[in-house]
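Visitor: Following is a predicted model, sequence given first.
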Amino acid sequence: MKISITFFLVFFLNTVVAQLPKGFVYVKDSIPDIEVELRYCYNNNFVGENVDGYEEHVAILTAEATEALKAVQKELRKQGLSIKIYDSYRPQRAVNHFVRWAKAVNDTVMKSQFYPEVNKQHLFSSGYIASKSRHSSGSTLDITIVDKKTGEELDMGSPFDFFGKASWVANKELTKEQIENRQLLQKLMLANGFRNYPKEWWHFTLRNEPYRNQYFDFVVE
């Protein structure tokens with residue numbers, strides 16, 4: 001009997017730990033066909049390593065942001081396209097990791113790929129790194145569009161997390177195709193309740209987000 005009770009308690013506690021905080025959901029539970037490539041879960045990112053707090057390759061958002069994103073995915077699905085999520089909810093410990101990395105000015109291993117035109121010591125003043133992130137409130141996400149048939153990303157004119165003018169939403173030094181692809185993403189996201197960040201074509205935050213200025217720190221698992 002003692003063994004059974006102990007097993008039950010361990011199972012119960014593990015289940016509780018695995019549950020998301022109230023108001024948060026796993027995006028794929030609501031949008032099964034959405035693409036996910038969490039860059040901070042691996043080493044293909046500006047830090048060059050797995051970022052603190054990313055333990056599983058799962059996208060998490062508030063229920064409200066997920067519902068709004070579902071409407072975007074519905075429109076793209078009609079065109080044989082899909083959203084791909086690079087990042088969604090981001091634990092505060094991950095933001096702290098970014099801050100530590102940014103202060104280590106001699107660590108420039110990923111500079112040529114992600115910030116060739118920006119001096120690392122200026123990443124804070126340029127608005128690319130901050131000590132608090134809207135991502136940690138759960139209604140901000142980084143995304144692109146992919147062709148569902150080929151799995152290839154649409155050409156947006158610069159890679160995700162490229163720090164520089166090439167990634168600014170207002171950048172016009174692009175091909176006609178790149179401009180059209182960016183306009184499609186911006187149009188659909190803004191029409192479905194999101195606002196953009198002018199320096200990053202991939203970055204969107206839900207208007208009237210439910211946990212504004214609340215910064216969560218539960219791990220992505």
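Guide: Cool, the structure landed. A quick note: this is a predicted structure, and the numbers were derived from the prediction, not measured. Residues are numbered from 1 along each chain as shown.
Visitor: OK, contacts around residue 205?
Guide: 134, 139-140, 194-195, 197 (CB atoms under 8 Å, 6 or more residues apart in numbering). All C-beta atoms are positioned from the backbone trio N, CA, C, and that covers glycine.
Visitor: For it, what are phi and psi?
Guide: When read as degrees, to the nearest 10, the backbone of residue 205 gives phi -130, psi 140.
Visitor: That one and residue 101, how far apart?
Guide: Residue 205 sits 23 Å away from residue 101, taking CB to CB, to the nearest Å as the criterion.
Visitor: I'd like the distance between the residue nearest to the spatial centre of the chain and residue 39.
Guide: Geometric centre of the chain, nearest residue: residue 87, 1.8 Å, by CA atoms, centre = their mean. Computed as CB to CB, the residue 87 to residue 39 distance reads 7 Å.
Visitor: ok, and for stretch 32-47, which residues are buried?
Guide: 34-41, 45-47 (16 or more other CB atoms under 10 Å).
Visitor: what does it contact?
Guide: Residues contacting stretch 32-47 (CB under 8 Å, 6+ apart): 27-28, 49-51, 54-59, 69, 73, 77, 82-88, 90, 94, 97-98, 101, 110, 113-115, 146, 148, 151, 160-161, 163, 220.
Visitor: Please pick the buried ones from these.
Guide: Applying 16+ other CB under 10 Å to the contacts of stretch 32-47 flags 27-28, 51, 54, 58-59, 69, 73, 82-88, 90, 94, 97-98, 101, 110, 114-115, 146, 160-161, 163, 220 as buried.
Visitor: And for residue 216, the neighbour number?
Guide: 18 (other CB atoms under 10 Å).
Visitor: Give me the nearest residue to residue 168, chain neighbours excluded.
Guide: Spatial nearest neighbour of residue 168, chain neighbours left out: residue 199 (5.4 Å); criterion: CB to CB, 6 or more residues apart in numbering.
Visitor: Let me know the distance separating the one you found from residue 60.
Guide: 24 Å.
Visitor: Could you check how far residue 155 is from residue 181?
Guide: Counting by CB to CB, the separation of residue 155 from residue 181 is 6 Å.
Visitor: The two - which one has more neighbours?
Guide: Neighbours around residue 155 and residue 181, counted as other CB under 10 Å, are more numerous at residue 181. The numbers are 21 against 14.
Visitor: Now the phi/psi pair for the more buried one, please.
Guide: Torsion angles at residue 181 (phi, psi; degrees, to the nearest 10) stand at phi -70, psi -40.
Visitor: tally of neighbours for the nearest residue to it once chain neighbours are set aside?
Guide: Once flanking residues are discounted, residue 181 sits nearest to residue 154: 4.3 Å by CB to CB, 6+ apart. Residue 154: 17 surrounding residues under other CB under 10 Å.
Visitor: and if you look at the one 3 residues further on?
Guide: Counted with other CB under 10 Å, residues neighbouring residue 157 total 18.
Visitor: same check, this time on the one 5 residues further on
Guide: Counted with other CB under 10 Å, the neighbours of residue 162 add up to 21.
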